[in-house]
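Enquirer: everything below, folded, please.
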Amino acid sequence: MMLRSSSIKCSLSKRQFARFLSSNAKNNTEQSKTNLMLKFSLVAIGGAATASAVAVKFMHDEVGGMDSLNRTANFYSLAIPAYIQYRTHMFLGSSDEVWDELDKETSQKGLDKILELGGFYIKSGQTCAANIGNGFPRIWQETMSILQDQCPSKPFTVVRSIIEAEYGKPLETVFASFEENPIGAASIGQVHRATLRNGKEVVVKVMYPEVEDLFRGDVRTIKMFCQVAQPVHVSPLEEIERQFMTEFDYEQEAIQMDTVRKNLERAGLAGKNKLSVVPKSYPELCTKRVLVMTELKGEKLPEALQKDLELYAVNAGMPVEEFKAREESKLRDMKRKGEDIRGPSAKEFDTYIKLIDAKRRANNMSVALHNYTVGWLPGFEKKAYKNKRMLPINHAKLIDDLIMIHGHEVLVDGYFNGDCHPGNILMLGADQGKPQLGLIDYGQVKSLTKEERLHMCKIILALASDDKKEIVRLMTKAGFKSKSMNEDVIFKYAKVSYDEDNDELTEGKHIQMFMEDLQSRDPIDQLPDCYIMVGRTSVMLRGFAHALRQSRSIAKAWEPIAKKVLQSEE
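Expert: Predicted coordinates for the structure are as follows:
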């Protein structure tokens, strides 16, 4: 409306200017020339002022101000050339070797740019590291993995000033000790270990003060890019933007974390000797920018998986990089041949782990024999025992447990974490042979009404049985709208969003190309907003599963939960 009204003002000014010229054409005196020049100047100044006002409003509303404009230009300086380059190689059908070199070069440039800009761009990098949609090459996943919890941190002086501003008193009056070096840093803040005055050990999450404004501008920038290059992602981005904005209140996050914890404990899925553990907040110490909670002592999942990879390389008698290259080559060959690339089942992993554990026990018996005999003699050193941390992680069980826990959150509780990437998961108790999942970071919790939750249960059952007509009916009822309401497009969109992605479903296309193809066949006008975060959770879990060669159908995994919910609540 502002643009339209401004153009009307400009056209009126032109007509007035024409009348000025006409009225003064007969009078050729110096005074008339002076008046004419004055009138022209006023019109020009008025038009420039109007245009400037429109530009300023556009800058403020759509770009977010000069700082956001500079960040936007910075982002586009990398994104546009890289986008064109990748599209060109897709068109040319370049070889794997060419793609690898391109991925190495561009992913490093992308990481450097993300670390330079910070804000929402870190979230985008985390999306890549988590292999959301199974659309990111392994090189990109590995390059971006540090963004999950190893981003550059702020100096302790900044952290102290934030905490003291929030509490209105010196840090030492609240904490007996506070570690200056953070144990993790991500997109909106960083985490430190501390001890309360009563001796309890805690972790303290501190939010950067400028991050909320940066996020808003960055999301606008990425939406603008998608409107031009990838319009299929605009609608999901709008819902994700709304959800991300809830991250900027740590008091609310504490409530969300405690609610999820209580829900999972009530279901027997969290707590002592259960599948998972969720931290407990200290509400009286939580503010908008400071969150205090119990510490979960364990390894970050990406680090645990890296050690796991190193163990496999050692057992294969190869350096880690050589082992990774060999496995990558195997996967490519299997994919070309159309072979199943799924890794071992949970049962097969258990058998392998028992074999490794038997070797570990035999080794420890040998070590004990040495230590209690010659180990006591001068000149002999005692040998170290191998604890259970050296045992491999059961990848299949890890994925199954994560999918089941989040299925319960979505379908039973209707209250779930929409940001379940590996950086938000810890491995606890592995060194004692009693592994548990530590589930952290509850800034992006989404809630569903009972009606929405039960309807999603029905969608899951229809997807699990591949009932195309029922899927189309339920998606339409949920609010899905496209230009032609093509049933095949609706069916495939539902499958990819909530259930699974494989070469058969995507016709062998990259997931981005597949989604663009669906959009071109039948442009999507409206998505079921309440289920976008369900789709994000499903896609995120599947991306992690693909990275571990543990592809899953979310609908089939959640089917028993959905059936039970509908039987008990309908």
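Enquirer: quick one: residues contacting the closest residue to Arg552 other than its chain neighbours.
Expert: Here the nearest residue to Arg552 in space, its sequence neighbours aside, is Ala545; by CB to CB, 6 or more residues apart in numbering that works out to 5.0 Å. Any C-beta I mention is one placed from the backbone N, CA and C, and that applies to glycine too. If you count contacts by CB atoms under 8 Å, 6 or more residues apart in numbering, Ala545 has them with 399, 403, 551-552.
Enquirer: and the furthest pair within those?
Expert: Farthest pair in the contacts of Ala545 (CB to CB) is Ile403 and Ser551. Separation: 11.5 Å.
Enquirer: who has more neighbours out of those two?
Expert: Set side by side, Ile403 and Ser551 show more neighbours around Ile403, with 24 against 17, by other CB atoms under 10 Å.
Enquirer: go ahead and confirm the more buried one touches Ile554.
Expert: Yes: applying CB atoms under 8 Å, one finds Ile403 in contact with Ile554, separated by 6.5 Å.
Enquirer: which residue ranges form the strands in the stretch 351-500 of the chain?
Expert: Ranges of strands within the stretch 351-500 of the chain are 415-417, 425-428, 436-439, 445-447, 481-482, based on DSSP state E, counting those that start in this stretch.
Enquirer: actually the stretch 51-200 of the chain, not the one I typed
Expert: For the stretch 51-200 of the chain, applying DSSP E, counting those that start in this stretch gives strands covering 175-178, 184-185, 189-196.
Enquirer: mind putting these into JSON lines with mean neighbour count, mean pLDDT and distance to Arg216?
Expert: Formatted as JSON lines, the strands of the stretch 51-200 of the chain follow (neighbours: other CB atoms under 10 Å; pLDDT from 0 to 100; distance: least, CB to CB, whole Å):
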{"stretch": "strand 175-178", "mean neighbour count": "15", "mean pLDDT": "98", "distance to Arg216": "31"}
{"stretch": "strand 184-185", "mean neighbour count": "20", "mean pLDDT": "86", "distance to Arg216": "21"}
{"stretch": "strand 189-196", "mean neighbour count": "20", "mean pLDDT": "95", "distance to Arg216": "16"}
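Enquirer: quick one: which of these is nearest Leu463?
Expert: Nearest to Leu463 among the strands of the stretch 51-200 of the chain is strand 184-185; the distance by CB to CB comes to 35.8 Å.
Enquirer: for the closest one, what is the distance to the chain centroid?
Expert: Put simply, strand 184-185 sits 16 Å off its chain's centre (CA atoms, centre = their mean, to the nearest Å).
Enquirer: repeat for stretch 457-472
Expert: The answer for stretch 457-472 is 27 Å, by CA atoms, centre = their mean.
Enquirer: with stretch 192-209 instead?
Expert: Averaging C-alpha positions (CA atoms, centre = their mean) puts stretch 192-209 25 Å from its chain's average.
Enquirer: pull out the buried positions in that stretch.
Expert: Using 16 or more other CB atoms under 10 Å as the burial criterion, the residues of stretch 192-209 that qualify are 192, 194, 196, 202-208.
Enquirer: which of these fall in strands?
Expert: Of these, the ones assigned to strands by DSSP state E are 192, 194, 196, 202-207.
Enquirer: of the residues you listed, which is the nearest to Glu247?
Expert: Glu247 has its nearest neighbour among those in Met207, at 8.6 Å by CB to CB.
Enquirer: ok, the closest one to Leu285 distance?
Expert: Computed as CB to CB, to the nearest Å, the Met207 to Leu285 distance reads 14 Å.
Enquirer: distance to Tyr121 added to the strands of the stretch 51-200 of the chain, as a markdown table?
Expert: As requested, the strands of the stretch 51-200 of the chain are exported to a markdown table (distance: least, CB to CB, whole Å):
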| stretch | distance to Tyr121 |
| --- | --- |
| strand 175-178 | 29 |
| strand 184-185 | 15 |
| strand 189-196 | 16 |
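Enquirer: relative to Glu310, which of those is closest?
Expert: Closest approach to Glu310 among the strands of the stretch 51-200 of the chain is made by strand 184-185 (21.3 Å; CB to CB).
Enquirer: what residues are up against Asp419?
Expert: For Asp419, the contacting residues are 441, 443-444, 540, by CB under 8 Å, 6+ apart.
Enquirer: what does Asp503 give?
Expert: Contact analysis of Asp503 by CB under 8 Å, 6+ apart lists 335, 338.
Enquirer: Ile356 contacts Arg389, correct?
Expert: No: Ile356 is not in contact with Arg389 according to CB under 8 Å; the separation is 11.8 Å.
Enquirer: and His89, how many neighbours?
Expert: Using other CB under 10 Å, His89 is surrounded by 14 other residues.
Enquirer: kindly provide the distance from it to Phe156.
Expert: According to CB to CB, His89 and Phe156 sit 45 Å apart.
Enquirer: next: Ala547.
Expert: According to CB to CB, Ala547 and Phe156 sit 35 Å apart.
Enquirer: more neighbours: the two, which one.
Expert: A direct count of neighbours by other CB under 10 Å for Ala547 and Phe156 places Ala547 higher, at 20 against 16.
Enquirer: show the backbone phi and psi for that one.
Expert: With angles defined as degrees, to the nearest 10, Ala547 sits at phi -60, psi -30.
Enquirer: so how far is Phe175 from it?
Expert: Counting by CB to CB, the separation of Ala547 from Phe175 is 38 Å.
Enquirer: repeat that for Ala194.
Expert: Note on Ala194: its distance to Phe175, by CB to CB, is 5 Å.
Enquirer: ok, now Pro152?
Expert: Pro152 sits 24 Å away from Phe175, going by CB to CB.
Enquirer: also Tyr86?
Expert: 48 Å.
Enquirer: same check on Leu541?
Expert: Distance from Leu541 to Phe175, counting by CB to CB: 36 Å.
Enquirer: point out where the stretch 1-150 of the chain drops to low pLDDT.
Expert: Within the stretch 1-150 of the chain, the set of residues satisfying pLDDT under 70 comprises 1-69, 72, 76, 130-135, 149.
Enquirer: could you rerun that using 80?
Expert: Low-confidence segments of the stretch 1-150 of the chain, defined by pLDDT under 80: 1-77, 79-80, 83, 87, 90-91, 96, 117-138, 146-150.
Enquirer: what of the stretch 451-570 of the chain?
Expert: Counting by pLDDT under 80, the ranges of the stretch 451-570 of the chain that qualify are 510, 512, 570.
Enquirer: ok, now with 90
Expert: Across the stretch 451-570 of the chain, the ranges flagged by pLDDT under 90 are 501-517, 519-520, 523-527, 529, 543, 546-547, 570.
Enquirer: is it true that Lys468 touches Glu487?
Expert: Yes: with contact defined as CB under 8 Å, Lys468 reaches Glu487; the gap is 6.9 Å.
Enquirer: so of the contacts of Ala545, which ones are in helices?
Expert: 399, 403 (DSSP state H).
Enquirer: so what's the most centrally placed residue in the chain up against?
Expert: For the chain, Thr127 is the residue whose C-alpha lies nearest the centre (CA atoms, centre = their mean; 3.9 Å). Each residue near Thr127 by CB under 8 Å, 6+ apart is listed here: His421.
Enquirer: what distance do you get for it to Arg552?
Expert: 19 Å.
Enquirer: likewise Glu570?
Expert: Glu570 is 26 Å from Arg552, where distance means CB to CB.
Enquirer: and for His192?
Expert: Going from His192 to Arg552 by CB to CB gives 36 Å.
Enquirer: still on that earlier bit, adding distance to Leu331, write the contacts of Ala545 out as JSON lines.
Expert: Below are the contacts of Ala545 laid out as JSON lines (distance: CB to CB, whole Å):
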{"residue": "Ile399", "distance to Leu331": "17"}
{"residue": "Ile403", "distance to Leu331": "22"}
{"residue": "Ser551", "distance to Leu331": "12"}
{"residue": "Arg552", "distance to Leu331": "17"}
